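Enquirer: A predicted structure for the sequence below; I have some questions about it.
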Amino acid sequence: MINKMKTGKKLIFLLALMVSFLLVGTASAGIPDPVKQDLLEKGKKVYFKRCVWCHGVEGGGDGPSADRLFTRPRNFIPGTFKIRVTDSGQLPTDNDLIKTVKNGLPGSAMPAWGEFLKEDEIQAVVQFVKSLVQDRDFNDEEDEEVELMEFGSNPWGTTGPYHLGIPQEAIDAGKEIFTKNKCFECHGGEGRGDGNPTMKDDWGFPILAADWQQCWNFRGSRRNHFDPFNVVRTISTGLNGTPMPNFREKITVEDRWKLAAFVNSLCPRKKIDKLTSKPIPDFLISSVYTEGDIVEKIDDPMWQSSDNDPLIIARSEEKAANPRRNYIALAGQITRGKRNFDPKVDNLWVSSRWNKDKGVYYLVEYHLRFLSSDAGFPDAVAIQWPAKLQDLFGAEKPYFIMGDSKKPVDVWRASFMPKDYNSTNAPKEEGYQLDVTVDEFNGRGFDALEPKETEPTVKVVDSIFHQGRVKILFHRALTTDGEMDVQIPPEQFIPISFFQWAGDDKEKDEHMAISTWYYTILEPPLPDSLYYMPPIMAVVFVGLQGWLVWMTKRTRKMYADGKVKRDDLPF
Amino acid sequence: MNKSFLSLILAVAGWAVFHFGLFPIFTPAEPGMLINRYVYFLLFCFYLIIVNVGMKLKPAMALRALYVWMLGFYFYDHILSPHVPWTLFITYMMLWTIGTFLYISQDPVTFREFRAPIVKTIIGEYKLARIVAFSVLPVLVGWATYQSIYPSFAEPVELRTVHPAPPASTKVHGKTYMLEKISNPFRIDEQDNYKDSFPFLDADKQEYMKFVTEGGTIFFQNCHYCHGDQLNGLGMFAHAFNPTPANFIDPGTIAMLQESFLFWRVSKGGPGLPNESTPWSSAMPPWEEHLTTDEIWKVILFEYWYTGWHPRTFDDESAVGE
C-alpha cells in the first residue's frame, strides 16, 4: 500500500506513524483536575468526621492514630500520591483519588470507604483532600501538568476474580523481564519483598518493597486482587513518594503485561474477603494420615503442596494426596501487656502429617523479609495447645493468649538465628540454615509462663530461611509422659493456635503476633471397607434386581395362568 | 410415549434456558419485589405446566412424578437461599419424596399408571431401558457406598451468647460500681446538638466536642485495629479474630445496649465474659489494664457520637437509633 503513494505522501505517512508510536506509552498531556470549590464545605464535614483521626487536622498525616501505624497515614501537604494513572511525580486525577477512597489501600490502615460513604460524600471529601495540598496546586495550569499513561489492554482477556488462563509462555517471558530489570534488588529473588532492608520513603520513614506473593496487600489492588492491570499501572507510573520507580522507558507496554502476568502468577489464588481485602482463613488443619515413613526433609515431595486453594486450582495428580497448606491469619497482639501494633508477619501457612508410629508433624511456613542478627532477639514461632485437653468440656478452651489460671496451655516454641546471615546480603539461592532451639512451656496467662521440667519431647527436625520465607518442621510423638503436655488423640478436633516473634522488630514475650484458636484433626487412615464395601453393595444390588425380575415375571405368569385375579380397573 | 419424550425434551431444554439464561438475571446483588429467585422459580413451574397442558402432552405418570420430585430438589438445593444445612436438606427431600408418592398414589389408577413403565422395564419389554437401568443402578449404589464410607471432617460449629447478662456490679481501678446506678459522666448534653460539630476544630468552643475528640483519639490509638476506622468491626486486624470484633454500626450492638453495660464490657473485655460467651477466644482487651476510667467513658461517648446511635436508657426501654 505504501508503495503506491508518492514519496512526499510516504514521508508524511511515516511521520504520522512515528508520532502515533510515540504517543503509545505516554499519551495525552493535560492539566490537573482543578479543586471543585463548591464541594469543599461538604467535603470538610466528611473529612473532619471520618478522616481527621489519621490524616490530621491540617492533613499532615499526624492524626492521633499516626504514631501507632506502620505505614503512617499520608501527609497530604506535599501532594504526593501513590496510586495514579498519571506520570511519575505528577498529581493524581480525581478519578484516581475517588478509586483510592472507595477501595482503600489494602495492607495499610486506610480502609475502603465505598460501602460506607455515599457517592456524593466521596466526591466531596476528595476535593477537600486536594485542598489540603499546600506544596503543589491542582489549580495551577501553568506549572502543573498531568499526562495520562497508556496501559494497553489485557492481551489474554482474562477475567476476575482469579485471572486464570494466562499462557505459561507469557509468564516465562515475564520472568526474564523481571530478571533483566532487576526488580529482585528490592522485591527479592522470589518476590517476597526481601531485597533491601534500608529503603526510606520521601517522608523519611522506613519502607519495605511489596510482597508479590501477598497481592491482596497491594495498595493499588483496587480490590481486584489478581488483576494484572494493577501491576501494569504500578510499573508504568511508579509509586510517588516511594523508591518504587516507573519502568516506562525500559519496558514496552506489551512486555509490562507479561511482567505483570509473572508477578501475579506468584500470588496464591485464595478466596479474598472483599470487606477486609484478606484471604479467608482455613479454620481446620487436617493432618494427613501417612502410611510408613514420614520424611523429615522440608524439600521432600511429600511436603510440597501449592498455596492455591485446591477448589480454585485443582492440584496436580502426584500431589493430590499431599496435605493442604492452610492459611492462618495473624494479627498483632494488642490485647494484653506490651502490645504489638505493627506486626511484621500477617499470616502463616501450616500443613501436617501423622501416623501412630512416627507421631505428628506440623510444617509452619511464613514470609518474613528480614531475620534478626541480634541474639538477644531471635526470631521465633510457636504452636499453642490446651495442656489438659481431657479436662475441657464442650467448646471450652484456654484463653487464647497463653492460657488462664484454670486452663493451662502447652506451647512449643522454636527460636532461631540464621547462620552467616546479614539482612543486606544479596539473595542467596540455597537459603540460610538456621540455629534452632526448641523450648516447651506452660502458660497460665501471658504473665504466668512456666518452663517445663520434664524431658523435652518436641523437636524441630528441619528448617530453612529461603528468599524471605521461614520454614520450620515440628515433630512430636502423639502421647508423652509429661503431665502438662498435650496428649494428641487421633480423629478428634483439637484447638490449636500460633504465635510468632520477629526479632528484627525486637519482638519478645507478649509483644508478638497471634492467631485465634483454630482446630486440627488427625485424619484417620482410609478404612479398608472403602475398598471392599462398594463392590459388595453393588453385587448385592444386582442380586436384588434379579430377584425383582423373577418376582415380577412370576406375578405376570400367575395373571396369565389365571391363578390370581387381576383387579379390573381401567388401564 | 412419544409425546412423553417430547415433554421430557422440552422440560430439559426449558430448564437449561431458565437456569443458565434467566437465573443470573433474577439473582442480582439486591433482589427486588419481582426480580428475585422465588419469582424465578414460580415462572419455571408455570413454564412446565403451560408447556404440558397447553400442548396436551399428557406425559406418562412416571415422568410427571419425576418432574414433581425434581422441582422439589431444585428448589431446596438451588432456589432456597441461604442453602439449608445438609442434614436438613435430606430431611426436606424425604418429606418431599413422601409427598410425591402421595401424589402418585392419589388413586389406584394413577398408581398403576406410574407403575406400568417401571414394570415394563423390569420384565424387559423396554429392552434398552432395562439394560441401562440395570447396569447404571448397581454402579450408583457402589458409588454412594463409597461416598458414605469416605471419612470427611468439617470444623465444629460454635455458638456463643453475644450479649450476656451483665453482673450487678463491677470493680474497676479499685472502685466498685453498681451497673444500674451509673451513667456516663461526660454525657453533659443532648448528643444530637453536636451532630454537625467538628472534632478538634470545635473542641475549644464546645465542652461536649472536647470529650468526643478525646474519646476519638483514644479510639484511634487503641480500638480501630479491631473495630475498624468506620466502627464497623472491620479493622486491619479484625479478620484474624474469631469471634469477630463487634460492629457498632449494626443496630444489634451498642444501639440496644446501655452505657453502663458498655462500661462493664470495655473495662473487663473478653476475659470478663461468662462461659456461654466464650471468654477464651474473645480478643476484646480488658481495657482497665490500659485506660483510665475517664478514658473508658470518653471512648464510649465517642462511639455513640460517631455512629449516631443513642444508648438505651433505664426508663426508656425502646429508645434506639436516630
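Expert: Here it is on my side, so go on. Computed from a prediction, not measured in an experiment: that's the story for all the values here.

Enquirer: need the contact partners of stretch A:478-487.
Expert: Applying Cβ atoms under 8 Å, 6 or more residues apart in numbering or on different chains, the contact partners of stretch A:478-487 are A:354, A:356, A:359-360, A:385-390, A:408, A:410, A:440, A:442, A:452, A:454-455, A:457, A:488-490, A:494, A:522. The C-beta positions use only the backbone N, C-alpha and C, and glycine is treated the same way.

Enquirer: are any of the residues you listed buried, and if so which?
Expert: Buried by 16 or more other Cβ atoms under 10 Å in any protein chain shown: A:354, A:359-360, A:385-389, A:408, A:410, A:440, A:442, A:452, A:457, A:488, A:490, A:494, A:522, out of the contacts of stretch A:478-487.

Enquirer: and the helix or strand where residue A:327 lies, what other elements does it pack with?
Expert: Assigned by DSSP states H and E, residue A:327 belongs to strand A:326-329. With contacts defined as 3 or more Cβ pairs under 8 Å, 6 or more residues apart in numbering or on different chains; DSSP states H and E, strand A:326-329 has these neighbours: strand A:278-279, strand A:347-355.

Enquirer: and residue B:45, how far from chain A?
Expert: 30 Å (Cβ to the nearest Cβ, to the nearest Å).

Enquirer: could you look up the SS state of that residue?
Expert: At residue B:45 the chain is in helix, as set by DSSP: H, G, I helix; E, B strand; the rest coil.

Enquirer: ok, it - contacts?
Expert: Residue B:45 neighbours (Cβ under 8 Å, 6+ apart): residue B:71.

Enquirer: run a quick neighbour tally on residue A:272.
Expert: Using other Cβ atoms under 10 Å in any protein chain shown, residue A:272 has 21 neighbouring residues.

Enquirer: excluding residues flanking it in the chain, which one is nearest residue A:102?
Expert: Counting by Cβ to Cβ, 6 or more residues apart in numbering or on different chains, residue A:114 is the residue found nearest to residue A:102 once chain neighbours are left out, at 3.6 Å.

Enquirer: that neighbour contacts residue A:103, doesn't it?
Expert: Yes. The pair residue A:114 / residue A:103 is scored as a contact, 6.3 Å apart, by Cβ atoms under 8 Å.

Enquirer: so which of those two has more stuff around it?
Expert: Shown here are residue A:114 and residue A:103; by other Cβ under 10 Å, residue A:103 has more neighbours (22 against 16).

Enquirer: in the stretch 401-550 of chain A, which spans are helices?
Expert: A:529-560 (DSSP state H, counting those that start in this stretch).

Enquirer: what does the stretch 1-150 of chain B give?
Expert: Here the stretch 1-150 of chain B has its helices, by DSSP H, counting those that start in this stretch, at B:2-16, B:23-26, B:37-54, B:61-74, B:86-104, B:108-123, B:127-149.

Enquirer: buried residues, the third one. List them.
Expert: Right, helix B:37-54. B:37, B:40, B:41, B:44, B:47, B:48, B:51, B:52.

Enquirer: save these as CSV, and put in pLDDT too.
Expert: Listed next are the buried residues of helix B:37-54 as CSV, based on pLDDT from 0 to 100:
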residue, pLDDT
B:37, 91
B:40, 94
B:41, 95
B:44, 96
B:47, 95
B:48, 94
B:51, 92
B:52, 92
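
Enquirer: excluding its backbone neighbours, what's nearest residue A:355?
Expert: residue A:290 (5.3 Å).

Enquirer: whoops, residue A:315 was the one
Expert: Using Cβ to Cβ, 6+ apart, the closest residue to residue A:315 is residue A:306 (6.4 Å).

Enquirer: next up, the contacts around the one you found.
Expert: Counted by Cβ under 8 Å, 6+ apart, residue A:306 has contacts A:268, A:313, A:315, A:319, A:325.

Enquirer: most neighbours of all these, which one?
Expert: Among the contacts of residue A:306, residue A:325 has the most neighbours (other Cβ under 10 Å), with 23 neighbours.

Enquirer: got JSON lines for the contacts of residue A:306, with pLDDT and secondary structure too?
Expert: As requested, the contacts of residue A:306 are exported to JSON lines (pLDDT from 0 to 100; DSSP: H, G, I helix; E, B strand; the rest coil):
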{"residue": "A:268", "pLDDT": "96", "secondary structure": "coil"}
{"residue": "A:313", "pLDDT": "91", "secondary structure": "coil"}
{"residue": "A:315", "pLDDT": "87", "secondary structure": "coil"}
{"residue": "A:319", "pLDDT": "85", "secondary structure": "helix"}
{"residue": "A:325", "pLDDT": "94", "secondary structure": "coil"}
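
Enquirer: pLDDT below threshold where in chain B?
Expert: Along chain B, the parts satisfying pLDDT under 70 run over B:1, B:314-322.

Enquirer: nearest the geometric middle of the chain, what residue?
Expert: You didn't pick a chain, so chain A it is. Centroid check for chain A by Cα atoms, centre = their mean gives residue A:214 as the closest residue, at 3.7 Å.

Enquirer: try again with chain B
Expert: Compute the mean C-alpha point of chain B, and by Cα atoms, centre = their mean the closest residue is residue B:82, 6.8 Å away.

Enquirer: could you measure that one against chain A, distance?
Expert: Residue B:82 sits at a distance of 17 Å from chain A (criterion: Cβ to the nearest Cβ).

Enquirer: rewinding a little: most packed of the helices of the stretch 1-150 of chain B?
Expert: Mean neighbours per residue, mean count of other Cβ atoms under 10 Å in any protein chain shown, is largest over the helices of the stretch 1-150 of chain B for helix B:61-74, with a mean of 18.

Enquirer: extract the CA atoms of the helix or strand where residue B:304 lies and return them as PDB.
Expert: Taking DSSP H and E as the definition, residue B:304 sits inside helix B:293-307. Listed next in PDB are the C-alpha coordinates belonging to helix B:293-307 (Å, rounded to 0.1, in the frame of the first residue of the first chain):
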ATOM      1  CA  THR B 293     -11.900   5.100  84.000                       C
ATOM      2  CA  ASP B 294     -12.400   8.500  82.400                       C
ATOM      3  CA  GLU B 295     -10.900   7.400  79.200                       C
ATOM      4  CA  ILE B 296     -13.200   4.400  79.000                       C
ATOM      5  CA  TRP B 297     -16.200   6.700  79.400                       C
ATOM      6  CA  LYS B 298     -14.900   9.100  76.800                       C
ATOM      7  CA  VAL B 299     -14.400   6.400  74.200                       C
ATOM      8  CA  ILE B 300     -17.900   5.200  74.800                       C
ATOM      9  CA  LEU B 301     -19.200   8.700  74.400                       C
ATOM     10  CA  PHE B 302     -17.300   8.900  71.100                       C
ATOM     11  CA  GLU B 303     -18.700   5.600  69.800                       C
ATOM     12  CA  TYR B 304     -22.300   6.900  70.200                       C
ATOM     13  CA  TRP B 305     -21.500  10.300  68.700                       C
ATOM     14  CA  TYR B 306     -19.800   8.700  65.700                       C
ATOM     15  CA  THR B 307     -22.500   6.200  64.900                       C
END
